[in-house]
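[1] pasted the sequence and its predicted model underneath.
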Amino acid sequence: MGALVWLLIPFLAAVAAGLWGSWANRTRKVRSDGPELDGYARFRAAMEKSHS
C-alpha cells in the first residue's frame, strides 16, 4: 500500500502541472505576441545603429 502512495505523489504532481499549464496559457490566444514582437523590433533597430 505504501508503494501506491509513493506512485500517487508524481501522478498528482503531473495533474497539478497540467492544470497550471492550462491556466497559464488561458490568455495567450487572446493577447497574441504583438507587443513582444514590437519590443523586439525596437531592440534590434537600436542594436543595429552605428555608434561612431
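    Structure's in. What do you need? Numbers count the residues shown, from 1 in each chain.

[2] tell me the helix or strand right after the lowest-mean-pLDDT helix or strand in the chain.
    The weakest-scoring helix or strand in the chain, judged by mean pLDDT, DSSP states H and E, is helix 28-31 (a mean of 64). Using DSSP states H and E, the helix or strand that directly follows helix 28-31 along the chain is helix 34-48.

[3] starting at the chain centroid, how far to that next one?
    Helix 34-48 sits 20 Å away from the centroid of its parent chain (Cα atoms, centre = their mean, to the nearest Å).

[4] now swap in stretch 19-26 and tell me
    For stretch 19-26, the distance to the chain centre is 9 Å (Cα atoms, centre = their mean).

[5] please shift the residue numbers so they start at 28 in all later answers.
    Shifting the count to begin at 28 puts that one at stretch 46-53.

[6] now do the strand or helix carrying residue 44, average pLDDT.
    Using DSSP H and E, residue 44 sits in helix 29-51. In this model, helix 29-51 carries a mean pLDDT of 94.

[7] got it, and stretch 68-79?
    84.

[8] in it, what's buried?
    Residues of stretch 68-79 classed as buried by neighbour count (16 or more other Cβ atoms under 10 Å): none. No exception for glycine: its C-beta is placed from N, CA and C like everyone else's.

[9] residue 29 and residue 36: what is the separation?
    11 Å (Cβ to Cβ, to the nearest Å).

[10] which of the two has more neighbours?
    Neighbours per residue, other Cβ atoms under 10 Å: of residue 29 and residue 36, the larger number sits with residue 36, 9 against 6.

[11] give the contact list for that one.
    With contacts defined as Cβ atoms under 8 Å, 6 or more residues apart in numbering, residue 36 has no neighbours.

[12] three-state assignment of residue 77?
    State at residue 77, reduced to three classes by DSSP: H, G, I helix; E, B strand; the rest coil: coil.

[13] pull up the gap between residue 62 and residue 50, please.
    21 Å.

[14] and what of residue 41?
    For residue 41, the distance to residue 50 - Cβ to Cβ - is 15 Å.

[15] likewise for residue 31?
    28 Å.

[16] again with residue 74
    Noted for residue 74: a distance of 35 Å to residue 50, by Cβ to Cβ.
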